[in-house]
Each structure stands twice: as C-alpha cells, then as structure tokens.
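need a 3D model of the sequence below.
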Amino acid sequence: MVTGEELYTLIPQSFPFVMIDTLVESDADKTVTRMTITPDHLFSEKGQFREPGIIENIAQTAAVRSGYEAYKSHTKVKTGYIGSIKNLVIHSLPNIHQTIETEVLIKTIIGNITVVEGRVTCCEKAIASCEMTIVELLDGRF
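Prediction:
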C-alpha cells in the first residue's frame, strides 16, 4: 500500500485536488484505491461526496496506475486527461467519513490512450461505474 506524500509522487495532481488517499494494489490489468471522505474536501457538500469527485476519483485511480508503472520503470510520471466518459452511472453518493474503494480495470491501451472500466464501492455496495478514456501527454503534448 502507498499513502501520504509517497502517493503524491505517483500522480500529477496536488492538494486540494487529490481524490485518492491509498493505493491498495496495482498491476498491469487492475488498480485499486481507497479514499476516506472528509468534511472539508473540495467536493464534499451537504454531508456527501459529490459527483465530480467520484468521476475524478476514477480518473486518478487510472493515473496512479500509470504513475506506479513509471515508478517501477524509473521514468517520469506523465500527465493525463480525461478524453471521454461513457455509460456513467452514479447510484448513490457516499457520506463524509465513509471510505470509497475504486477499482479500475484496463480494457485497452493504444499508444498514449488508455480505456478503463471504473467501479466505485462504499460499504461494499456499488455506487458508481463508467468507461473512461484517458489520454496521456507525450513530451508535453497529445
């Protein structure tokens, strides 16, 4: 598991725009992260973690996978952007002080484009899912 400052070295985001707090596991096909929702979080509102935070949480779970792979191969962590989101379903929103767990499965990697399937659970219940396309910058450009 990777947490805290060490986690920040694996993603291009920084406080307050970090939507994960623990890298639980990561391999070539699957990455799992966790995040405990705090009342002062950027996307916490009216006692819940809002939809933009859930979407960005899925994207950052994909990003931390890429960052972890870069760390293992001693290369620079690349910046990526959400290219598209398909079939987004948000069943419910987690409350503050709850922990969400996000699993990203790699569907396809072609060059600097990665298609993932993301699933978010809270208290062992599915709360969100989507397919997301992530585009990584190559030498500072697409």
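
give the rounded mean pLDDT of the helix or strand encompassing residue 58.
Taking DSSP states H and E as the definition, residue 58 sits inside helix 51-72. Mean per-residue pLDDT for helix 51-72: 94.

list the buried ones in it?
53-69, 71 (16 or more other Cβ atoms under 10 Å). Any C-beta I mention is one placed from the backbone N, CA and C, and that applies to glycine too.

again with stretch 117-128
In terms of neighbour count (16+ other Cβ under 10 Å), stretch 117-128 has its buried residues at 117-122, 127-128.

can you put those in a markdown table and add secondary structure, distance to residue 134 and pLDDT?
Converted to a markdown table, the buried residues of stretch 117-128 look like this (DSSP: H, G, I helix; E, B strand; the rest coil; distance: Cβ to Cβ, whole Å; pLDDT from 0 to 100):
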| residue | secondary structure | distance to residue 134 | pLDDT |
| --- | --- | --- | --- |
| 117 | strand | 12 | 98 |
| 118 | strand | 10 | 98 |
| 119 | strand | 16 | 98 |
| 120 | strand | 16 | 98 |
| 121 | strand | 21 | 98 |
| 122 | strand | 23 | 98 |
| 127 | strand | 21 | 98 |
| 128 | strand | 17 | 98 |
